[in-house]
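Q: Let me see the structure of the following:
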Amino acid sequence: MTSVPPRAEKKSNFFLGFLLLPKPKREALSAVYAYCRLIDDIVDEPGSKDEARRQLVFWREEIERLYDGKPGHAVSRGLQKAIADYKIPKDAFLEMIRGCAMDLDGARYETIEDLESYMRGVASSVGIMCVHIFGWTHTPKERMYEFATTFGYAFQLTNIIRDVGADLEIGRVYLPLSEIKEAGYSVDRLVLRDHGYAFDRLMLGQYKRAKGYYARARNLVDFRDRPGLLPAEVMAHVYEGLLDEIKEREFRVLFQKTSLPGYRKLALGFKAWLYCHGL
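A: As a prediction, the model looks like this:
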């Protein structure tokens, strides 16, 4: 979800869907990608949390200036055409800031509802930006927004499952605390990277939830809009394929990060094309 140089895009699951867009939409998505990458980097890069908060305050104010037609930063100036052409709502940009700011508090999430609030900020907001660029005709706006929100949950929860071990390295635990307890597991055991039956039960629950998000999102879209949403479906097929691979590897996520080879991504991209065209 970001634009910086093309080589950065090529390393992401985003890139395959990006290639399928006409040039004006690619440029708009690149501008959105640049903004999202910048906000994400503010909270993820080492440094003072107070400085990161100061920068996020600047960006809240900068988004207001942008929508008043007076952007001062190169990244926000790069967004002007995309916003004008595709009517991307201001709230989506502000919601991205809200979600990323939650990482600065080192917050842990007691329930899935708490986690979904975080995921709406860091992922679903990007989905709202993207569907405005992709475009739709037949699906009611509220259902399209719910589609973007739910796919955002699916992508972000897939990332959370994949990155359990990597997130521990920076002191972050995104799995809902109530569900850790219900599985007979604990944060202390997670920190010790104890992979036993209770961990598998916890992760299987997250896997099933993510699969439900993917299915629910797809059911929200009028089939006539699917071809235009092909880039989103390419990304969804790749991420869901990654999720299935993690399960196949018995949730070995505490010490390694699962990825898919290029040929698998291409095959999943083709499967997405077939799905979107009703084949």
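Q: and the nearest residue to residue 119 once chain neighbours are set aside, how far is that from residue 107?
A: Spatial nearest neighbour of residue 119, chain neighbours left out: residue 156 (4.3 Å); criterion: C-beta to C-beta, 6 or more residues apart in numbering. C-beta: built from backbone N, CA, C; applies to glycine. Here the criterion is C-beta to C-beta, to the nearest Å. By it, residue 156 lies 15 Å from residue 107.
Q: ok so, going back, isn't the residue nearest to residue 119 right up against residue 123?
A: Yes - assessed by C-beta atoms under 8 Å, residue 156 is found in contact with residue 123 at 3.9 Å.
Q: Show me what counts as buried in the strand or helix carrying residue 25.
A: In this assignment (DSSP states H and E), residue 25 forms part of helix 23-44. For helix 23-44, the neighbour count (16 or more other C-beta atoms under 10 Å) marks 25-40, 42-43 as buried.
Q: same question, stretch 271-279
A: Those would be 271-273, 275-276, for stretch 271-279 by 16+ other C-beta under 10 Å.
Q: Give me the distance from that stretch to the chain's centre.
A: With C-alpha atoms, centre = their mean, to the nearest Å as the basis, stretch 271-279 stands 22 Å off its chain's centre.
Q: residues touching residue 62, list them.
A: 71-73, 76 (C-beta atoms under 8 Å, 6 or more residues apart in numbering).
Q: Next one: it relative to residue 81, how far apart?
A: 17 Å.
Q: Now do the strands in the stretch 51-200 of the chain.
A: For the stretch 51-200 of the chain, no strands are identified by DSSP state E, counting those that start in this stretch.
Q: Distance check, the closest residue to residue 183 other than its chain neighbours against residue 63.
A: Nearest residue to residue 183, sequence neighbours excluded (C-beta to C-beta, 6+ apart): residue 202, at 3.8 Å. Per C-beta to C-beta, residue 202 is found 37 Å from residue 63.
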